[in-house]
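>>> Any chance you could fold what I've pasted below:
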Amino acid sequence: MSYSKVNTATYSIFQDLMMLFKFRLTITVVFSAILAYWIALDSFALDLSSVAILGLGGFCITAAANTFNQLLEKDFDKLMKRTENRPIATGRISTTWAILIAGLTSVIGVALLASFNLSTAVFGFISMVLYAFIYTPLKRISSAAIPVGAIPGAMPVLIGCVAAQGTVTDLAIVLFSIQFFWQFPHFWAIGWLGYEDYKKAGFKFIPERNGQRDSMLGVYSTFYAFMLFPMIVILYLIGYAGVISLIGMSVLTLGYTIMGYMLHLNDDRKSALKLMFFSFFYLPLCLILLLVDKV
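Have a look, this model is predicted:
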């Protein structure tokens, strides 16, 4: 790897790889895939070797997507405070090394997911390509990047279900839909908070009106949070949610919807922060509630 003397004193190779892979985000993705896999199994018992393969495969695919993302955005990352210290943007990791890392992790990830079935590997590969090569450049063109990016963003639970069940089932579709709708309030809260930074770097994926951040972001967030209610009811009707998870997920969704509406009413940083932090807990708690009912 190519390191400058200044940055070497501050960051280790391990730290730079964690930044390159967006480690915390990637672990969250892996966690949701494993929970979905567990929910989709016929029994509550887990084969730990299968969990390890799914986890490592999902980690590698996500790490590859994030590396490709930073390769494509290295010149723009330099313009934003939140990303200016990323290893490719600063030159601590060279473009050549980053391409090798992305290629290696993508191959390993697809191979590991293929050990479950071909469909799991295909969906993993599609999610990486959509995120890195369609969503990433589209962010500089249009706010349509958000729904496009929500597709690979919702793939982890679908991949987990397909790994367990071998095909795209009703459960896979509904969990995919939940994670798809969940992302809109999540990303719009982040977009509200980072709007000036994104605009400085030329990103256009935050809806605008008259050259300013769209004041309707709270309304959009409220709508998509509310769309989670029918998905929860469908889970109950197809037998994957019991009374406990139906009530618990409904309460969480009500809270998520209220947070979106509060952003609309106040249109301020505090409300955007609350919505963002609530979104972090919403999805894993919903999946855990489904596991509780599975017991």
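
>>> Tell me which residues touch the residue lying closest to Ile39 once chain neighbours are set aside, please.
In space, and not counting its chain neighbours, Ile39 is closest to Leu290: 5.1 Å by C-beta to C-beta, 6 or more residues apart in numbering. C-beta here means a position set from N, CA and C on the backbone, and glycine is covered the same way. Neighbour list for Leu290: 35, 39, 235, 240-241, 245, 249 [criterion: C-beta atoms under 8 Å, 6 or more residues apart in numbering].

>>> Can you tell me which of the residues you listed lies closest to Phe68?
The closest of those to Phe68 turns out to be Leu35 (C-beta to C-beta; 25.8 Å).

>>> looking at it, that closest one is touching Val292, isn't it?
No. Between Leu35 and Val292 there is no contact under C-beta atoms under 8 Å: 11.4 Å.

>>> More neighbours: which of these two?
Leu35 (21 against 12; other C-beta atoms under 10 Å).

>>> what's the nearest residue to the more buried one if we skip its chain neighbours?
Nearest to Leu35 is Leu287, by C-beta to C-beta, 6+ apart, at 4.0 Å.

>>> contacting residues for the one you found?
By C-beta under 8 Å, 6+ apart, the neighbours of Leu287 are 32, 35-36, 39, 157.

>>> re the thing from before, put the buried members of the contacts of Leu290 into a ChimeraX selection.
In ChimeraX, this line selects whichever of the contacts of Leu290 come out buried by 16 or more other C-beta atoms under 10 Å:
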select :35,39,235,240,241,245,249
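
>>> From the contacts of Leu290, pick the one nearest Tyr131.
Leu35 (20.4 Å).

>>> next SSE after whichever helix or strand the closest one is part of?
Assessed by DSSP states H and E, Leu35 sits inside helix 23-40. Note on helix 23-40: by DSSP H and E, the next helix or strand toward the C-terminus is helix 48-72.

>>> Buried residues, that following helix. List them.
50, 53-55, 57-72.

>>> and if you look at stretch 15-31?
In stretch 15-31, counting by 16+ other C-beta under 10 Å, buried: 16-23, 26, 28-31.

>>> Among those, which one sits closest to Thr96?
Out of those, the member with the shortest distance to Thr96 (by C-beta to C-beta) is Leu20, at 13.7 Å.

>>> is it fair to say that closest one lies in a helix?
Yes. The assignment for Leu20 is a helix, going by DSSP: H, G, I helix; E, B strand; the rest coil.

>>> OK, contacts around it?
Counting by C-beta under 8 Å, 6+ apart, Leu20 has contacts 63, 66-67, 70, 86-88, 93, 98, 101.

>>> One more: Asn117?
162-163, 166.

>>> wait, Val29 sits on Cys60?
No. Checked against C-beta under 8 Å, the pair Val29 and Cys60 is beyond contact range at 11.3 Å.

>>> what is in contact with those two at once?
In contact with both Val29 and Cys60: no residue, using C-beta under 8 Å, 6+ apart.

>>> just to revisit the earlier point, tell me which of the contacts of Leu290 fall in strands.
The strands, defined by DSSP state E, take in nothing from those.

>>> so where is this protein shaky, pLDDT-wise?
Residues of the chain that meet the criterion pLDDT under 70 lie in 1-10.

>>> mind giving me the domain split of it?
1-168, 171-295 (automatic domain parsing).

>>> how many neighbours does Ser12 have?
Count around Ser12 with other C-beta under 10 Å applied: 10.

>>> so what's the most centrally placed residue in the chain closest to, chain neighbours aside?
The centroid of the chain falls nearest to Gly153 when counting by C-alpha atoms, centre = their mean (4.2 Å). Leaving aside its sequence neighbours, Gly153 sits nearest to Gln183 (C-beta to C-beta, 6+ apart; 5.0 Å).

>>> The one you found against Val148, yeah?
No. The pair Gln183 / Val148 is not scored as a contact, 11.1 Å apart, by C-beta under 8 Å.

>>> what about the two, which has more around it?
With neighbours defined as other C-beta under 10 Å, Gln183 and Val148 compare such that Gln183 has more, 20 against 17.

>>> And the helices in the stretch 51-200 of the chain, which stretches?
Here the stretch 51-200 of the chain has its helices, by DSSP state H, counting those that start in this stretch, at 74-77, 87-90, 95-114, 118-129, 136-138, 145-153, 155-165, 170-193, 195-200.

>>> For Glu208, grab phi and psi.
phi -130, psi 160 (degrees, to the nearest 10).
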